[in-house]
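Visitor: have a look at this prediction, sequence included:
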Amino acid sequence: MKLIAENIRMTYDKKEVLKGASFSFEQGKIYALLGRNGAGKTTFFNCLNEDVKMTGGSFFLEDEAGGRRKVTAEDIGYVLSTPVVPEFLTARELLKFFLEINAGRIERPLSPDAYLDAVQIEEEDRNKLLRDFSHGMKNKMQMLLNLIADPMLLLLDEPLTALDVVAQDEMKHLLKSRKAEHITILSTHIMELALDMCDEVVLLHGGVLVPMDRGRLGMEEYKDSIIAALRDEPAGAERENSHD
Amino acid sequence: MIEAFFLSKRLAIECRVNGTLRVLRHVPLLKKLLPADIYSKSWIKSLVFAFKILGEIFSFFLGKIIYLAMMVALPSVIIKEEIGSAADPGSIALHIFFCLTLLGTLMHNPLFDPSEEMFTAVFLLRMDAKKYSMSNYIYALIKDAAGFLPLLVLCRLLIPALRSLRIPVILLLPLLVIGGKLIVSYLQLVLFRKKGFLFDGGAPQANKLFVAVMLLLFAAAYVPPAFGLALPQEAVLAFSAAAVPAGIFGLIMLLKADDHRRVLKYIEFKNRALRVEGEQSTAKVMKESYLKKMDGGQAEDMLPEEAAAGKSGFAYFNTLFVRRHRRVLTRTAKRQAAVLAVAFALGAAACRFIPEAGRLVGANLPKILPASLFLMYILNRGETITQTLFFNCDSSMMNYNFYRRPDVILGIFTERLKTLVLINLLPAAVIAAGLPILYLVSGGAGRGIEYAVLGVAPLAMSVFFSVHYLTMYYLLQPYTDGLAQKGVAYRIVMILTYLVCYLSLQIDALRDNSLLFGIVVCLFAAAYVPAALLLTYKLAPRTFRLRR
């Protein structure tokens, strides 16, 4: 399966944020979406998630046989950097509700507690209102729902910044372990995370998507070339080619 | 200091001008006409700026005219004419004005005003706190005096009933207003230095005492004149004269003080709940208060809610929401129902035992129907409840894609519809039962159909409003997370709703044909409800989403 973004355009008032961004994201890979502040990463995610109406272009899912279909809301899991959870429910209650209304859609559903075990939410916290959860715990809950729903496409906006180092490590492994069946796109400002976790780096720069091929560059050189590309300096020679 | 004043005023007006432009840019048609770089277009800005200045000058007088008319003149007339007080009308008005002025020194004293502009100027832009607050305070006081002086003099000259008031008393009153405020502000500062809080409604240490003092001053303003007692002019004159040195002393001390920033910090901190990221909407405040009250701010285990036991899916979710928000959702409706029940019982008793009242009610009760539409509009909890739904539930849940599936949106909509209709039916049922009973007890010789309309119309109105608010919420989803910006279409619908209800109160012809009015309302509700529901089931999956 591939996610194909075709000529995505988005204009706010008269400012063109996305100027015909095109790319093909493949299943089995984790992509790092890098870009400067205001480059349009969140806008790109919002377009994909149909939170805003695109000015132009389209998204498709393409299977191995080349058959195309439109991306629906159910294909997407979107994990926001600031976790949002319904504060009036407890962790158990939220999971119970979630599992009930998704009955029949989840393969091999487990009990709420089994899922809470899996993300290591302590027994004593499970009957607490989610509003009393820490930022990191809310983040875990949000991630958990998206993982259970198991959408083909997972969009992660700065996904690990709120987690402690151990939780970060677990989450990294979790995301890596399930990447074979999914298309994962991760937007981040942390270069190390992008290089450590992701198979490919894609820049969102000047309103278009640009792949940053590492080629035979060493790690430091690769980093420099990414920064140079984002600064519009000539060092990013490959970028110039792929722009066309 | 003058420089600081003009800087802060420019900033304040700039903020308001930009705010106005932002709102204008959200009006569908205007949006096309107003360019995105409107904030830098000087001529448009100057235009809005000029309007704001005019507004500022206008507010100089308008607020004071309303205040004098509603708080002083009207009560004075009532006390003199209706209650038949023995006191002279000029003394009554003067007495009320004096007491309210004292009350104002505590309640409307803007030195320690927790405004958005203060926050921006002092804490974001690091303006000198003392220069900021003192210059703005002095300006506000001058505005007070300059507004009151001509108005009070005009009143004295033009209103014959005030002839008894001596001119010097009138001329000194504005000084009483500002002198009183200055000395009270200084005393507040002294209290803050000693005890760490201000004497106002917000400080928990002084909350009850503050309310008591307010009530006492309020009562002092209106009760004694009703019994023919009013302060003699000489006393007011003496107080006003004393307020001059006291005010000068207060001003000097305030100018000498160097802890303005600390006080502002305290106020800012106290009011943070009201200003969550520039958010001023009542819903957000409501959220804060609900969360605090629910468990005293402490994390604790939630017992499984009994009401939700055995339920699953949408009903489970909705029941938990209702249970955990019952303060906002159901309590008011219950109170409304109780108050109405008592009112009807008293009314029925009056009709039963006072023949005159019975005749009056019997002859006029059906005419009340058009007014009851307005009453039902006021009582309906629809808008508050949809706000609670958004801020405490949907604003977070809508970030999950499963929540946006049509079956989920509509499943939860159905549960909510039941809840909302039931909550609003509580007071409506009391009215629907109370009106026919009252009519019966008063010996109303109406036909059966009149009884039927009196009983059915309030229920129809209640269901109509419940459906109206909820469907408009689902179809126009007006709220944005974080900002209090309401969708313009939603706002227009709400204004129209208000206008229709208000007009039903005002048009005499409706009262004379109230039976017909009642029947038309029932038929309208019967047509509107299915149409609105149909539209929601068709469109809500597309329209019910977050505004980003």
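Guide: Looks like it came in fine.
Visitor: could you use CA atoms for every contact and neighbour count after this?
Guide: Noted.
Visitor: show the pLDDT at residue 244.
Guide: Picked chain A for this. pLDDT, residue A:244: 39.
Visitor: right idea, wrong chain: chain B
Guide: 95.
Visitor: excluding chain neighbours, give the residue nearest to residue A:25 in space.
Guide: residue A:3 (5.0 Å; Cα to Cα, 6 or more residues apart in numbering or on different chains).
Visitor: doesn't that neighbour belong to a strand?
Guide: Yes - counting by DSSP: H, G, I helix; E, B strand; the rest coil, residue A:3 is found in a strand.
Visitor: hmm, it is touching residue A:26, no?
Guide: Yes - using Cα atoms under 8 Å, residue A:3 makes contact with residue A:26 at a distance of 6.4 Å.
Visitor: ok, residue B:381 - contacts?
Guide: B:329, B:333, B:424, B:466 (Cα atoms under 8 Å, 6 or more residues apart in numbering or on different chains).
Visitor: now, these that are in helices?
Guide: B:333, B:424, B:466 (DSSP state H).
Visitor: close to chain B: what parts of chain A are there?
Guide: For chain A, the contact set with chain B under Cα under 8 Å from any Cα of the partner chain comprises A:13-14, A:51-52, A:73-74, A:76-78, A:84-90, A:97-98, A:100-101, A:125, A:127-129, A:132, A:146.
Visitor: and residue B:534, how many neighbours?
Guide: For residue B:534, the count of nearby residues is 13 (other Cα atoms under 10 Å in any protein chain shown).
Visitor: nope, residue A:68 is what I was after
Guide: Residue A:68 has 16 nearby residues by other Cα under 10 Å.
Visitor: next one: residue A:40
Guide: 20.
Visitor: list the residue ranges of chain B that fall below the pLDDT cut-off.
Guide: Where chain B drops to pLDDT under 70, the residues are B:26-28, B:31, B:35-38, B:41-42, B:202, B:271-305, B:445-446, B:481-486, B:548.
Visitor: how is it carved up into domains?
Guide: The record assigns chain B these domain ranges, following automatic domain parsing: B:60-275, B:335-543.
Visitor: follow-up on the earlier one: drop anything exposed from the residues of chain A next to chain B.
Guide: Among those, those classed as buried by 16 or more other Cα atoms under 10 Å in any protein chain shown are A:52, A:73-74, A:76-78, A:84-90, A:97-98, A:101, A:125, A:127-129, A:132, A:146.
Visitor: give me every residue that touches the spatially closest residue to residue A:63 that is not a sequence neighbour.
Guide: Excluding the flanking residues, the one nearest residue A:63 by Cα to Cα, 6+ apart is residue A:1, at 4.4 Å. Applying Cα under 8 Å, 6+ apart, we find residue A:1 in contact with A:26, A:27, A:61, A:62, A:63, A:64.
Visitor: could you give me the ChimeraX syntax to select whichever of these are buried?
Guide: One line in ChimeraX is enough to select the buried members of the contacts of residue A:1, burial here meaning 16+ other Cα under 10 Å:
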select /A:26,27,61,62
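Visitor: closest to chain B among the contacts of residue A:1?
Guide: The shortest approach to chain B among these belongs to residue A:61, at 17.3 Å (Cα to the nearest Cα).
Visitor: what helix or strand is residue A:18 on?
Guide: Taking DSSP states H and E as the definition, residue A:18 sits inside strand A:15-26.
Visitor: centre of the chain to that strand, how far?
Guide: 16 Å (Cα atoms, centre = their mean, to the nearest Å).
Visitor: got it, and stretch B:385-395?
Guide: 20 Å.
Visitor: can you mark which positions in that stretch are buried?
Guide: B:385, B:386, B:387, B:388, B:389, B:390, B:391, B:392, B:393, B:394, B:395.
Visitor: want to throw these into TSV with distance to residue B:242 and secondary structure?
Guide: Shown next, in TSV, are the buried residues of stretch B:385-395 (distance: Cα to Cα, whole Å; DSSP: H, G, I helix; E, B strand; the rest coil):
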residue	distance to residue B:242	secondary structure
B:385	51	helix
B:386	53	helix
B:387	50	helix
B:388	51	helix
B:389	54	helix
B:390	54	helix
B:391	51	helix
B:392	53	helix
B:393	56	helix
B:394	58	helix
B:395	56	helix
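Visitor: just these that are near chain A?
Guide: B:392, B:393, B:394.
Visitor: which of the residues you listed lies closest to chain A?
Guide: Out of those, the member with the shortest distance to chain A (by Cα to the nearest Cα) is residue B:393, at 5.4 Å.
Visitor: now the terminal residues of stretch A:11-19, how far apart.
Guide: Chord length of stretch A:11-19, first to last residue, is 8 Å (Cα to Cα, to the nearest Å).
Visitor: average pLDDT across it?
Guide: Computed over stretch A:11-19, the average pLDDT equals 87.
Visitor: now it: buried residues?
Guide: Buried, per 16+ other Cα under 10 Å, within stretch A:11-19: A:17, A:18, A:19.
Visitor: I'd like the contacts of residue A:1 as TSV, with pLDDT appended.
Guide: Formatted as TSV, the contacts of residue A:1 follow (pLDDT from 0 to 100):
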residue	pLDDT
A:26	94
A:27	94
A:61	94
A:62	93
A:63	91
A:64	89
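Visitor: helices or strands next to the lengthiest helix in chain A in the packing?
Guide: For chain A, the longest helix by residue count, based on DSSP H, is helix A:135-149. Counting by 3 or more Cα pairs under 8 Å, 6 or more residues apart in numbering or on different chains; DSSP states H and E, the packing neighbours recorded for helix A:135-149 are strand A:76-79, helix A:91-101.
Visitor: neighbouring strands - and their directions - for the first one?
Guide: Meaning strand A:76-79. Strands that pair with strand A:76-79, judged by DSSP bridges, come out as strand A:153-157 (parallel).
Visitor: quick one: distance of the strand it pairs with to the chain centre.
Guide: 2 Å.
Visitor: repeat that for stretch B:213-232.
Guide: 26 Å.
Visitor: report the buried residues of it.
Guide: Buried residues in stretch B:213-232 (16+ other Cα under 10 Å): B:214, B:217-218, B:220-222, B:224-226, B:228-231.
Visitor: same question, stretch B:438-458
Guide: So, applying 16+ other Cα under 10 Å, buried residues of stretch B:438-458: B:438-444, B:450-451, B:453-458.
Visitor: ditto for stretch A:171-183
Guide: Here stretch A:171-183 shows A:171, A:172, A:175, A:176, A:179, A:182, A:183 as buried, counting by 16+ other Cα under 10 Å.
Visitor: cool, stretch A:216-233 as well?
Guide: Buried residues in stretch A:216-233 (16+ other Cα under 10 Å): A:222, A:223, A:225, A:226, A:227, A:228, A:229, A:230.
Visitor: residue contacts, residue B:519?
Guide: Applying Cα under 8 Å, 6+ apart to residue B:519 gives the contacts B:453, B:457.
Visitor: where does residue 120 sit: helix, strand or coil?
Guide: In the absence of a named chain, this looks at chain A. Quick answer, by three-state DSSP: residue A:120 is coil.
Visitor: okay, now it: neighbour count?
Guide: 13.
Visitor: look up phi and psi at it.
Guide: Residue A:120 has phi and psi values of phi 60, psi 50 when expressed as degrees, to the nearest 10.
Visitor: any idea how far residue A:105 is from it?
Guide: For residue A:120, the distance to residue A:105 - Cα to Cα - is 24 Å.
Visitor: any residues touching stretch B:162-178, and which ones?
Guide: B:89-91, B:101, B:105, B:141-142, B:144-146, B:148-149, B:152-153, B:155-157, B:233, B:236-237, B:239-241, B:243-244, B:247.
Visitor: flag every buried residue along it.
Guide: B:162, B:165, B:169, B:170, B:171, B:172, B:173, B:174, B:175, B:176, B:177, B:178.
Visitor: ditto for stretch A:101-112
Guide: A:101, A:102, A:112.
Visitor: of the residues you listed, closest to chain B?
Guide: Once Cα to the nearest Cα is applied, the member of the buried residues of stretch A:101-112 that ends up nearest chain B is residue A:101, at 5.4 Å.
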